[in-house]
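A.B. asks: Here is my input, please return the structure:
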Amino acid sequence: MKQQEFRELTDKELQDRLEAAEKEYTQLTIQHSISPLDNPAKITLDRRDIARMKTELRARELKINK
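C.D. replies: Okay, here's the model as predicted:
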């Protein structure tokens, strides 16, 4: 997803997606350690999406606190 798509989500939706993405990322890394994935680049993409979600949540948190 793009950063703009994350900005359009509510805090609750973003938090739910973050939890789901982290769970999926963990499963992918476990599967990849057991047997190679067809598309190992998906791990990198998922990790970057998780970072984007965390960045957006943190930006909202800082905006509220000001």
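
A.B. asks: and residue 53, how many residues sit next to it?
C.D. replies: 21 (other C-beta atoms under 10 Å). (Each C-beta comes from the backbone N, C-alpha and C, glycine too.)

A.B. asks: same question, residue 19
C.D. replies: 11.

A.B. asks: Which stretches in the chain count as helices?
C.D. replies: Listed in chain order, the helices of the chain (DSSP state H) span 3-7, 11-34, 41-65.

A.B. asks: Now mean pLDDT too, for those, in CSV please.
C.D. replies: As requested, those are arranged in CSV below (pLDDT from 0 to 100):
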stretch, mean pLDDT
helix 3-7, 87
helix 11-34, 96
helix 41-65, 94
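
A.B. asks: and the residue nearest to residue 28 when sequence neighbours are not counted, what does it touch?
C.D. replies: Leaving out its chain neighbours, the residue that sits closest to residue 28 by C-beta to C-beta, 6 or more residues apart in numbering is residue 43, at 5.4 Å. For residue 43, the contact set (C-beta atoms under 8 Å, 6 or more residues apart in numbering) comprises 25, 28, 29, 32, 37.

A.B. asks: correct me, but the last one touches residue 30?
C.D. replies: What that stands for is residue 37. No: counting by C-beta atoms under 8 Å, residue 30 is not a contact partner of residue 37; they are 10.8 Å apart.

A.B. asks: Compare those two and say which is more crowded by neighbours.
C.D. replies: The residue with more neighbours, out of residue 37 and residue 30, is residue 37; 13 against 9, by other C-beta under 10 Å.

A.B. asks: What are the neighbouring residues in contact with the more buried one?
C.D. replies: 28, 31, 43.

A.B. asks: what sits up against stretch 3-23?
C.D. replies: Contacts of stretch 3-23 (C-beta under 8 Å, 6+ apart): 46, 49, 50, 52, 53, 54, 56, 57, 60.

A.B. asks: chain center to stretch 3-10: distance?
C.D. replies: When C-alpha coordinates are averaged (C-alpha atoms, centre = their mean, to the nearest Å), stretch 3-10 and its chain have centres 12 Å apart.

A.B. asks: Hmm, I typed the wrong one, I wanted stretch 48-64.
C.D. replies: On C-alpha atoms, centre = their mean, the centre of stretch 48-64 falls 10 Å from the chain's centre.
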